[in-house]
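*Asks:* Structure for the following, please:
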Amino acid sequence: MPSRELSTPLVVVGGGLGGVAAALTAARLGQRVVLTEETDWLGGQLTSQGVPPDEHQWIDSHRISPSYSELRDRIRDHYRNFYPLTDSARADALLNPGAGFVSRLCHEPRVAAIVIEEMLSPLIAAGLVTVLREHRPIAVVRHGAVIEGVLFLSLRTGDEVLVRAGLVADATELGDLLELGGLAHTVGAESAATTGELHAPEVADPLDQQAVTWCAALEFRPGEDHTIDRPVGYQYWKDTVAPFWPGSQLSWDDIEPISLQTRTRPMFAGDPARAAESEDRDLWHYRRVLARANMEPGWPGGDVTLMNWPQADYWNLPLLGVPAEQADQALAGARDLTLSLVHWMQTEAPRSDGGAGYPELRPRGDVMGTTDGLAKAVYVRESRRIHALFTVTEAHIGRDMRGDEAGSEIFADSVGIGYYRIDLHPSTSGRSYVDIDCFPFQIPLGALIPADADNLLASNKNIGTTHITNGAYRLHPVEWSIGEAVGALAAYTQSTATSPAQVRADARHLEAYQHLLSETLGVALGWEDDIRIRGSRSEPVAISRS
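*Replies:* Below is the predicted model of the structure:
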């Protein structure tokens, strides 16, 4: 028997960006929500997984989702309010705290976790949001097509909590409720015959899953020695070479994802002692989340970068569709690879200024909320995926399949928009990158609704995409928009006594729900034709700096 039982109109399982957006949106619309999370940080890939936001080129010029823009604005304001920024940095409307070039907003995961807490705080105080941290779903109470509740294990106390809900949002990183509830789902890659996709493999392979990465935070401290102990698997990672990789992962060599040609990218392109002053497109500046150059003279801190690099991609074993012991082995292997890469960089890596090893690299656990500098959780790129009322395939968004000037498919049931290349990292099947162009796209409501559950909604990477299109729908702003749509739908179905499938099937309800999204919440449901058709060839609209 569970130690306690809760009842709520909406339970959101998983506190990543999709889960946070679902809970925030539903609560702002007046609905009570229970939000659960396995770690002690909310924010998922943005925080506990340590990945700065991968975003499209219009993210600062089009307020595609006002609540996502609010998140980004609040992160910038945190630095303006509490950090000793230079006058020019403080005045920059598009402040990039880390000046990393992977994103227009590279920032510390810790700061994003603080900001998310601030956004939820008044809703928690009002009794609209209850957050259960360090709670893992362990069972689903299901009666036919209805999910009656979810049973959780408190990782802190060992107690069990049963949460009964009218609507259940699966915002977990791996689509946990799909397996726990016995719902139909897909793992890995579908065959080309099944999906009709140009880049799908000929034969379906459930074990073809994208690499995961255990990210780490590093600071460069000239004159200091922060060398970590040699990891257990260090020699293995030095000696092992994947068939599709140019050599050992403990190297500055990797593969350019589009051309699949070998490239060499060192940690520093020039003098590491002057890296804080430069804007080189090397690994250090790639995902730098704190730039010393943005701070006033005399600030004692240094540059901090996040190590989410190809060399740290773990593709040896899959996480899904395997026994729990093998999944645990994969997680341990991902951690060991990252620690081995850090140790190699500290001891053996060729230096840009001559010699070998950068013992000055200091793991920054405080940036990640840990003691060892690694993220709280592994960065997951691929989840179990629902068998949805509608599945987005490459034929709907891929430039190669649709033709160069066709643009993306227009979905009548759109609940948001997004854009990212179809970007699949090397996989556990031994496949190299699949990185192909697509058009800016819409998020169809049908992709969020499973065919075999009346009151469950997919709210993360578990929506109705394929192995291929997941590579475009898996990034930060799209995940947020998925969750936002789920939160608004939860509020709408409660107020109208309808089910998600009924809203999609009834033109009047669909129009009213989309009006809630677009007019009340300000969510963009479609791209301007110039952007939808031209995609990456369309120029972003400049906004003024104040």
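
*Asks:* going forward, measure contacts and count neighbours with C-alpha atoms only.
*Replies:* Fine.

*Asks:* Give me the most central residue, this protein.
*Replies:* In the chain, the residue lying closest to the centroid (CA atoms, centre = their mean) is Q45, at 4.0 Å.

*Asks:* Quick check: the gap between that residue and T213.
*Replies:* Taking CA to CA, to the nearest Å as the measure, Q45 falls 11 Å from T213.

*Asks:* ok, now I482?
*Replies:* In this structure, I482 and T213 are 23 Å apart, going by CA to CA.

*Asks:* Looking at the two now, which is surrounded by more residues?
*Replies:* The residue with the greater number of neighbours, taking I482 and T213 and applying other CA atoms under 10 Å, is I482; the counts read 32 against 29.

*Asks:* Assumed the more buried one was part of a helix.
*Replies:* Yes: with the criterion set as DSSP: H, G, I helix; E, B strand; the rest coil, the secondary structure at I482 is a helix.

*Asks:* I figured it was touching G416, is that so?
*Replies:* Yes: under the contact definition of CA atoms under 8 Å, I482 touches G416, with a separation of 7.3 Å.

*Asks:* Around D239, count how many other residues there are.
*Replies:* Applying other CA under 10 Å, we find 11 residues neighbouring D239.

*Asks:* Show me the contact partners of stretch 130-142.
*Replies:* Counting contacts by CA atoms under 8 Å, 6 or more residues apart in numbering, the residues outside stretch 130-142 that touch it are 13, 33-41, 124, 147-156, 176-177, 180-181.

*Asks:* follow-up on the earlier one: any shared contact partners between I482 and G416?
*Replies:* Applying CA under 8 Å, 6+ apart, one finds that I482 and G416 are jointly contacted by I443.

*Asks:* is L457 in a bridge, and if so with what?
*Replies:* A169 (DSSP bridges).

*Asks:* Tell me who's in contact with A242.
*Replies:* Applying CA under 8 Å, 6+ apart to A242 gives the contacts S248, G430.

*Asks:* what about it, helix or strand, and which?
*Replies:* Assigned by DSSP states H and E, A242 belongs to neither a helix nor a strand.

*Asks:* I'd assumed V131 was in a helix, is it?
*Replies:* No: counting by three-state DSSP, V131 is not found in a helix; it is strand.

*Asks:* what sits against the closest residue to it other than its chain neighbours?
*Replies:* Computed as CA to CA, 6 or more residues apart in numbering, the closest residue to V131 that is not its neighbour in sequence is L35, at 4.8 Å. Shown in contact with L35 (CA under 8 Å, 6+ apart): V11, V12, V13, G14, G15, G19, V20, A23, V129, T130, V131, L132.

*Asks:* Kindly recompute the last result at 7 Å.
*Replies:* Under the criterion of CA atoms under 7 Å, 6 or more residues apart in numbering, the contact list for L35 reads V11, V12, V13, G15, A23, V129, T130, V131, L132.

*Asks:* beta partners for the second one?
*Replies:* Partner residues in beta bridges with V12: L35, A169, with DSSP bridges as the criterion.

*Asks:* That one against T172, yeah?
*Replies:* No: in this structure V12 lies outside contact range of T172 using CA atoms under 7 Å: 8.8 Å.

*Asks:* would you put the C-alpha positions of stretch 284-301 in PDB?
*Replies:* Provided in PDB are the C-alpha atoms of stretch 284-301 (Å, rounded to 0.1, in the frame of the first residue of the first chain):
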ATOM      1  CA  TRP A 284      36.300  25.700 -25.400                       C
ATOM      2  CA  HIS A 285      34.100  28.400 -26.900                       C
ATOM      3  CA  TYR A 286      31.600  26.000 -28.400                       C
ATOM      4  CA  ARG A 287      29.500  25.600 -25.300                       C
ATOM      5  CA  ARG A 288      31.000  28.200 -23.000                       C
ATOM      6  CA  VAL A 289      28.400  29.200 -20.400                       C
ATOM      7  CA  LEU A 290      30.300  31.800 -18.400                       C
ATOM      8  CA  ALA A 291      32.600  34.300 -20.100                       C
ATOM      9  CA  ARG A 292      35.100  36.100 -18.000                       C
ATOM     10  CA  ALA A 293      35.100  38.900 -20.600                       C
ATOM     11  CA  ASN A 294      31.500  39.800 -19.700                       C
ATOM     12  CA  MET A 295      32.600  40.600 -16.100                       C
ATOM     13  CA  GLU A 296      34.100  43.700 -14.500                       C
ATOM     14  CA  PRO A 297      37.900  43.600 -13.900                       C
ATOM     15  CA  GLY A 298      38.700  42.100 -10.600                       C
ATOM     16  CA  TRP A 299      36.000  39.400 -10.700                       C
ATOM     17  CA  PRO A 300      37.800  36.300  -9.300                       C
ATOM     18  CA  GLY A 301      36.000  33.700 -11.400                       C
END
